[in-house]
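Visitor: okay, predicted coordinates and the sequence, questions at the end:
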Amino acid sequence: LRSSGDDDGDGVDGDVLDTAVANWLRLFEKRVEILQRMLEHYPRLVQKHALEPKTCYAKYSVWEKQLFRKLTADDGDAAAIRRDKMYMIVTLGVDDAKVH
């Protein structure tokens, strides 16, 4: 998110930014470690859904539960796989990402 004071003019209004931050903090007030993990491992997902923290969390949960928790040492580095799949993680809907 960018504040409305950014030079390129495509930023978010200050009031909207304040509301978005308040929504994120309220949603994750008892799960700060999850928010930190999302910010660390899924920055593009958080950026895309900055005004939709529940949607962001739903996508994060699907990917973590369906793919990354099931990785073994033989599958490779989870961080590298996250980087490689970031476009898919950000663009797919929650239902599209579920493994059936």
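Guide: Noted; the coordinates are in hand. Since the structure is predicted, the reported quantities are computational estimates derived from the model, not experimental observations.

Visitor: from here on, just use CA atoms for contacts and neighbour counts.
Guide: OK.

Visitor: point out where the chain drops to low pLDDT.
Guide: 1-12, 68-70, 72-76, 94-100 (pLDDT under 70).

Visitor: go with 50
Guide: 1-9, 99-100 (pLDDT under 50).

Visitor: where do the strands of this structure begin and end?
Guide: Under the criterion DSSP state E, the chain contains no strands.

Visitor: quick one: the helices in it?
Guide: Per DSSP state H, the chain carries helices over the ranges 14-27, 32-41, 43-48, 53-66, 78-91, 94-97.

Visitor: mind putting these in a markdown table, mean neighbour count included?
Guide: Converted to a markdown table, the helices of the chain look like this (neighbours: other C-alpha atoms under 10 Å):
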| stretch | mean neighbour count |
| --- | --- |
| helix 14-27 | 14 |
| helix 32-41 | 14 |
| helix 43-48 | 17 |
| helix 53-66 | 18 |
| helix 78-91 | 14 |
| helix 94-97 | 14 |
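
Visitor: roughly how far does W63 sit from M88?
Guide: Separation of W63 from M88 (C-alpha to C-alpha, to the nearest Å): 10 Å.

Visitor: correction: K30
Guide: Counting by C-alpha to C-alpha, the gap from K30 to M88 is 29 Å.
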